[in-house]
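> After the sequence you'll find the predicted model.
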Amino acid sequence: MKPTALDFITITSGRRSMSPRSEVDDHVIEALKPVLRNAHAGIHSLIHGGWSVDLAKSDPRRDGGLAFVILHNNRALSQCMAVWQTRQHVGAWEFFRCFKPPFVDEIAEPAVPWLAVNVIADLRNEMMTMIDAMVILPELADVERCVAWTLIELYWEED
């Protein structure tokens with residue numbers, strides 16, 4: 001049965017929440033499907049309004065998960081890993097949890113499906129106004145979720 005929620009973990013802060021599939025409108029997924037289906041590793045694929053995604057070179061159908069980077073105006077903001085099959089789960093989680101900063105409490109292993117995010121842009125040191133940051137950060141989480149749910153819709157199969 002296709003998942004109805006995914007465990008959304010921000011490794012850099014330890015924040016964790018469940019992201020129901022209903023948070024992402026069907027029309028958003030339909031708009032993103034051709035973008036992600038035709039995306040190539042190393043090439044920024046424009047999503048919308050300055051947002052783009054760079055997918056890892058991998059076979060998501062075979063691997064049951066996929067790493068990607070979210071960019072805004074060609075500036076990388078987050079590294080993400082979406083996993084929707086158990087065959088990818090253990091190795092991906094062990095790798096991705098290494099990004100956890102020492103000041104963040106230990107993060108319990110998630111259940112499949114999950115989306116782990118490592119925020120890589122230090123917005124305090126970027127040329128960004130407070131208003132820009134207030135707009136971009138909430139949008140960043142939305143874009144991460146939308147990409148993850150679109151990948152699940154494209155490539156999910158029963159284990």
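Thanks, I have the structure now.
> any idea how far the residue nearest to Ala111 when sequence neighbours are not counted lies from Ala148?
The shortest distance from Ala111 to any residue other than its chain neighbours is 6.1 Å, reached at Asp7 (Cβ to Cβ, 6 or more residues apart in numbering). Any C-beta I mention is one placed from the backbone N, CA and C, and that applies to glycine too. Asp7 is 11 Å from Ala148, where distance means Cβ to Cβ, to the nearest Å.
> Which neighbours do the two have in common?
19, 115 (Cβ atoms under 8 Å, 6 or more residues apart in numbering).
> Between those two, which has more neighbouring residues?
Neighbour tally, Asp7 and Ala148, criterion other Cβ atoms under 10 Å: the higher count belongs to Ala148, 27 against 19.
> which residues touch the closest residue to Thr12 other than its chain neighbours?
Closest residue in space to Thr12, ignoring its immediate chain neighbours: Val119 at 4.5 Å, by Cβ to Cβ, 6+ apart. With contact taken as Cβ under 8 Å, 6+ apart, Val119 is in contact with 10, 12-13, 77-78, 140.
> Same question for the longest helix along the chain: list its buried residues.
Scanning the chain for the longest helix, with DSSP state H as the assignment, gives helix 130-155. Judged by neighbour count (16 or more other Cβ atoms under 10 Å), helix 130-155 contains these buried residues: 136, 139-141, 143-153, 155.
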